[in-house]
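Enquirer: What would the 3D arrangement of this be:
(chains A and B)
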Amino acid sequence: MSKLKKSRGIEELKSRYGFMFVLPWIIGLVMFFLYPLIQSIVYSFSDVAVSPGGVDIKFVGLKHYIEILKVDQNYTTELTTSLTSIVYSLPIILILSLVLAMMLNQKFRGRIFFRALYFLPVIIATGQVMKLVFETTDDSLTEMGVSGGMASGMITVEDLTGMLNMSTEVAKFITTTINDIFNLIWSCGIQIVLYLSGLQSIPATLYEASRVEGATKWEEFWFITFPMLSRITLLVGVFTMVELFINERTPLVERVYGSMLTGQYDKPSAMIWLYFIIVSAIMGVIIFLFNRFVMKRYEA
Amino acid sequence: MNIFERIKRYFQDKRGKKSAVKRYTRSTAGNITLVLFLVLGGLFSMLPLIYCVSTSFKPLDELLIFPPRFLVHRPTIGNYTILPDLMASLKVPLSRYVFNSVVISFFTTFIYIYVALMAAYSISKGTFKGRNAIFWTVQFALMFNAYTLAVPQYLIFSKLGLIDTYWIYILPPMASTMGVFLGKQYIEGYVPDALLEAAKIDGANQFKVFWSIVMPTIKPIWLTLLLFTFRDIWSAVPSGKIFSEQLKILPQVVTQITAGGVARSGSAMAVTVIMMIPPILVFLVSQSSVAESMSSAGIKE
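Expert: Now for the predicted structure:
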């Protein structure tokens, strides 16, 4: 009996310790994430006016949400562009990063160097420094009459037509393709790392057995590599979707942030929440379907 | 003959004569194509970096050329040597900005790693109530972009009187959930309960267990966090929250130089190139660990 009591004491102590360990982080989370989050939900349902002493909030119900959908024409187009761009970028990014990961997984000299090379954009791409790079180049280019960001200004149409005597259409096609490839490779950094670790976790004996059975490389891929990577593919897919939906260069997110900077909080909050709900619903459906059909088939 | 016998025989062959293995490796031509492909892709991923470096060496007349040239023709180090003069016009010496940047980045990164991993340890191994609720919040928060919360965050700062203090840099990263998420997944996968029990039997208290048992075991995680957190804080610009010149950090100096227009874009690039060096150094230190810790996120659901 006394033993039981004692062990409960230890448990209690453990749980108190446990909570103590989470506490510093929880305080940060509540102050700088949860509280602002709840505030922004409140904003989306109210009229917000900024005054010197703080903000005045007046509850208006669903007004902003209805306005967004009925009055604001840009919102629905922005929403559909974001959603359709996912439809084609997601598979391309998944396939490209898988192919690159499989290449980087081969044994050859200098593969560590190449792995670092493909991960480097992740380190320098985000953050203010790179944003500055994009902006400065962007500004100087628009000043000179070339539209588009750094990616599209890197190799200009004029460059190609001037140097190689190409027709404008062909040159335009080439520049856009190059810029697309560039953008794609830049969004593959973390995906490649995830796929690489997935590839390395496949037991080598599976490949050896299949070789003995006389499988071709093609069959090896479809019957071993692909199924063994299904879980990692789900992870990579979800990660990519989050990146694509929520990155600050999405037109919708850009506009919301822009209008928040000018001091308008209520309607942008509603915009972002509606977007977030739709996005989560789509991701939920994809994850559900994936679990239902793909995982079941291979894990059974 | 079943598959296992075949595998056995295959291994016997392999031990017997090396040629059996060699048949399955690629030819030299295959190797060359592979490397060529990777070099091509690698060039694409390096384009902006190359552009930055090359622009930073451009003399003034090449900066003004239309359309802008990708590569520099007559490289000069003028953009770098002019930097001290440009800095001289700043209100506080450059060393102050460098000091701010370095101290804030490292201090915040280490505090965050400690706080986040302590939380991760306790969520994965602790027994208190609400652990699952906390972990759900973590996963939910991963989907959020900080931009949407910028305004309410600003109001909190101003209410607490933190505007225009160092706290602006240090506090917001503490709410980041990525460290807790990766840490929890990794600790569950790689830190066995038996190890913790053994340490406790030897008389270590929880802090001791965390510091001398858990932390060394999860080295890949804190190296990964070091990379990502350092990267974010190093390049952050807290717009509208810092006004005193002596509290500003390097990215803000870059902004000031950029404001000089096209003629100054070479110098702006030069500063940018210098700014890129520390994150790349941190990356070189932590590189091997990144893959390991990222993959652990996928081990469990």
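Enquirer: tell me the SS of the nearest residue to A:Lys58 once chain neighbours are set aside?
Expert: Using CB to CB, 6 or more residues apart in numbering or on different chains and skipping the chain neighbours, the partner closest in space to A:Lys58 is A:Asp47 (4.6 Å). The way it works is simple: take the backbone N, C-alpha and C, and place the C-beta from them, glycine included. Secondary structure state of A:Asp47, per DSSP: H, G, I helix; E, B strand; the rest coil, is strand.
Enquirer: A:Asp47 reaches A:Gln264, doesn't it?
Expert: No: contact status for A:Asp47 versus A:Gln264: not in contact, 10.6 Å apart, counting by CB atoms under 8 Å.
Enquirer: all strands for chain B, in order.
Expert: Shown for chain B, no strands are assigned by DSSP state E.
Enquirer: Low-confidence regions, it specifically.
Expert: Low-confidence segments of chain B, defined by pLDDT under 70: B:1-26, B:64-70, B:89-90, B:144-148, B:150, B:238-240, B:258-263, B:291-292, B:294-301.
Enquirer: if we go to 50?
Expert: The model of chain B has pLDDT under 50 over residues B:1, B:16-24, B:299-301.
Enquirer: can you list the domains in it?
Expert: B:3-56, B:83-299 (automatic domain parsing).
Enquirer: And those domains: which comes nearest A:Met20?
Expert: domain B:83-299 (8.0 Å; CB to CB).
Enquirer: And the helix or strand containing A:Leu100, what does it pack against?
Expert: Element membership for A:Leu100 (DSSP states H and E) is helix A:73-104. In this structure, helix A:73-104 makes packing contacts with helix A:63-70, helix A:111-125, helix A:168-186, helix A:189-200, helix A:230-246, helix A:251-261, helix A:266-289, helix B:28-56, judged by 3 or more CB pairs under 8 Å, 6 or more residues apart in numbering or on different chains; DSSP states H and E.
Enquirer: what would those look like in JSON lines with mean neighbour count and distance to B:Ile123?
Expert: Formatted as JSON lines, the helices and strands packed on helix A:73-104 follow (neighbours: other CB atoms under 10 Å in any protein chain shown; distance: least, CB to CB, whole Å):
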{"stretch": "helix A:63-70", "mean neighbour count": "16", "distance to B:Ile123": "35"}
{"stretch": "helix A:111-125", "mean neighbour count": "19", "distance to B:Ile123": "26"}
{"stretch": "helix A:168-186", "mean neighbour count": "16", "distance to B:Ile123": "33"}
{"stretch": "helix A:189-200", "mean neighbour count": "22", "distance to B:Ile123": "23"}
{"stretch": "helix A:230-246", "mean neighbour count": "19", "distance to B:Ile123": "20"}
{"stretch": "helix A:251-261", "mean neighbour count": "17", "distance to B:Ile123": "30"}
{"stretch": "helix A:266-289", "mean neighbour count": "17", "distance to B:Ile123": "22"}
{"stretch": "helix B:28-56", "mean neighbour count": "17", "distance to B:Ile123": "36"}
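Enquirer: Just tell me which of those ends up closest to A:Val212.
Expert: Nearest to A:Val212 among the helices and strands packed on helix A:73-104 is helix A:189-200 (20.7 Å), distances taken as CB to CB.
Enquirer: Now the one residue in the stretch 1-150 of chain B that gets nearest to chain A: closest residue in space, sequence neighbours ignored.
Expert: Closest to chain A within the stretch 1-150 of chain B is B:Gly126: 2.8 Å, counting by CB to the nearest CB. Excluding its sequence neighbours, the residue lying closest to B:Gly126 (CB to CB, 6+ apart) is A:Gly18, at 2.8 Å.
Enquirer: residue closest to the middle of chain B?
Expert: For chain B, the residue sitting closest to the mean C-alpha position, by CA atoms, centre = their mean, is B:Phe228 at 2.4 Å.
Enquirer: for B:Asn270, what are its contacts?
Expert: Just to correct that, residue B:270 is Ala rather than Asn. B:Ala270 sits next to B:56, B:79-80, B:83 when contact means CB atoms under 8 Å, 6 or more residues apart in numbering or on different chains.
Enquirer: Mind checking which of those land in helices?
Expert: B:56, B:79-80, B:83 (DSSP state H).
Enquirer: Most neighbours among those residues, which one is it?
Expert: Neighbour tally across these (other CB atoms under 10 Å in any protein chain shown): the maximum, 25 neighbours, falls on B:Asn79.
Enquirer: which parts of the stretch 201-300 of chain A sit against chain B?
Expert: Among all residues of the stretch 201-300 of chain A, those adjacent to chain B (criterion: CB under 8 Å from any CB of the partner chain) are A:201, A:205, A:208-209, A:211-213, A:231-232, A:235, A:242, A:246-248, A:253, A:256-257, A:260, A:265, A:269, A:272, A:276, A:280.
Enquirer: one step back: just name the most buried of the domains of chain B.
Expert: Highest mean neighbour count among those (mean count of other CB atoms under 10 Å in any protein chain shown): domain B:83-299, with a mean of 18.
Enquirer: hmm, who's touching stretch A:117-124?
Expert: For stretch A:117-124, using CB under 8 Å, 6+ apart, the contacting residues are A:100, A:104, A:130, A:185-186, A:188-190, A:192-193, B:41-42, B:45-46, B:48-49, B:227, B:231, B:276, B:279-280, B:283, B:287, B:290.
Enquirer: Torsion angles phi and psi at A:Met59?
Expert: Wrong residue type there; residue A:59 is Phe, not Met. With angles defined as degrees, to the nearest 10, A:Phe59 sits at phi -70, psi 130.
Enquirer: For it, which residues count as its bridge partners?
Expert: Following DSSP bridges, A:Phe59 is listed with bridge partners A:Ser46.
Enquirer: hang on, it packs against A:Ser46?
Expert: Yes: between A:Phe59 and A:Ser46 there is a contact at 4.9 Å, judged by CB under 8 Å.
Enquirer: So between the two, which is more surrounded?
Expert: The neighbour comparison of A:Phe59 against A:Ser46 (other CB under 10 Å) goes to A:Ser46, with 21 against 9.
Enquirer: Let me know whether the more buried one touches A:Leu62 as I believe.
Expert: No: using CB under 8 Å, A:Ser46 makes no contact with A:Leu62, being 11.0 Å away.
Enquirer: Against chain A, how distant is B:Arg264?
Expert: Note on B:Arg264: its distance to chain A, by CB to the nearest CB, to the nearest Å, is 9 Å.
Enquirer: can you tell me how far that residue sits from B:Val253?
Expert: The gap separating B:Arg264 from B:Val253 is 12 Å, by CB to CB, to the nearest Å.
Enquirer: same deal with B:Asp202?
Expert: Shown here: B:Asp202 relative to B:Val253, a distance of 51 Å by CB to CB.
Enquirer: Alright, I will stop here.
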